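Visitor: Next comes the sequence, and after it the predicted model I'd like to discuss.
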Amino acid sequence: MKNNKNKKFSVYLGGIAFHCIKCGFCCDAPTVTKKDLGRIAGYLKIPLNEVIKRYVKFFNGYIGELKEIKGKCIFFDNKTRKCKIYKVRPLICRFRPYSIQLRDGKLTLTYDIWFLRHCKGLYIGEGDIEEKYFKYAELVLKYLGFEKDIDEKEFKNAKERLFKDSLKY
């Protein structure tokens, strides 16, 4: 576990670093909070209930999920490969590729399993987590909770995938 300034979370990156290449590969239908939907409503200048009706697959009053079009978030622009609501994108989108997990009894900021398996922005190396991600982690923990820890085997598999991918270049 890596040291960090934020004492609430341990950090475990497993020898893998991240740099977003803005490919849009991870732009699936994200989980959204009521606060996310309020921000989207303000940005689009339409009422919250209209945002829910037009853009949300389900919503239980606290959290929900945005709709998809051909496997991508409804706000993903296939032509530009960018988010149409980037300035107010959901919390979980701002937090990607990270996850909060309970590892060895400690709240740990680490990689989400989907990103270990698929993200093209991961590479073998040592990296630091920008301070903003610790702020996002606090909010994710508050609104969405933490996830089950990822088996160390997933980090090993990710390193093997990244090594093989690096040989292609």
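Guide: Received it, and whenever you're ready, just let me know what you need. Residues are numbered from 1 along each chain as shown.
Visitor: Longest helix of the protein, counting residues only.
Guide: Counting residues, the longest helix found in the chain (DSSP state H) is helix 152-167.
Visitor: Mean confidence (pLDDT) on that one, please.
Guide: Average pLDDT, helix 152-167: 90.
Visitor: name the helices or strands packed onto it?
Guide: Counting contacts by 3 or more CB pairs under 8 Å, 6 or more residues apart in numbering; DSSP states H and E, helix 152-167 packs against strand 16-18, helix 113-118, strand 122-124. From N, CA and C alone the C-beta is placed, and that goes for glycine too.
Visitor: Figure out how far the first one is from the centre of its chain.
Guide: Mean C-alpha position of strand 16-18 versus that of the full chain (CA atoms, centre = their mean, to the nearest Å) differs by 14 Å.
Visitor: again with stretch 20-34
Guide: With CA atoms, centre = their mean as the basis, stretch 20-34 stands 7 Å off its chain's centre.
Visitor: Ok, stretch 127-135 next?
Guide: For stretch 127-135, the distance to the chain centre is 13 Å (CA atoms, centre = their mean).
Visitor: CA atoms of the longest helix of the chain as PDB?
Guide: Below are the C-alpha coordinates for helix 152-167, written out as PDB (Å, rounded to 0.1, in the frame of the first residue of the first chain):
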ATOM      1  CA  GLU A 152      -4.500 -10.000  -6.300                       C
ATOM      2  CA  LYS A 153      -4.800 -12.300  -9.300                       C
ATOM      3  CA  GLU A 154      -6.700  -9.500 -11.200                       C
ATOM      4  CA  PHE A 155      -3.700  -7.200 -10.800                       C
ATOM      5  CA  LYS A 156      -1.400 -10.000 -12.100                       C
ATOM      6  CA  ASN A 157      -3.700 -10.600 -15.100                       C
ATOM      7  CA  ALA A 158      -3.800  -6.900 -15.800                       C
ATOM      8  CA  LYS A 159       0.000  -6.700 -15.800                       C
ATOM      9  CA  GLU A 160       0.200  -9.600 -18.200                       C
ATOM     10  CA  ARG A 161      -2.400  -7.900 -20.500                       C
ATOM     11  CA  LEU A 162      -0.500  -4.600 -20.300                       C
ATOM     12  CA  PHE A 163       2.800  -6.300 -21.000                       C
ATOM     13  CA  LYS A 164       1.400  -8.100 -24.100                       C
ATOM     14  CA  ASP A 165      -0.200  -4.900 -25.300                       C
ATOM     15  CA  SER A 166       3.100  -3.100 -25.000                       C
ATOM     16  CA  LEU A 167       4.800  -5.700 -27.200                       C
END
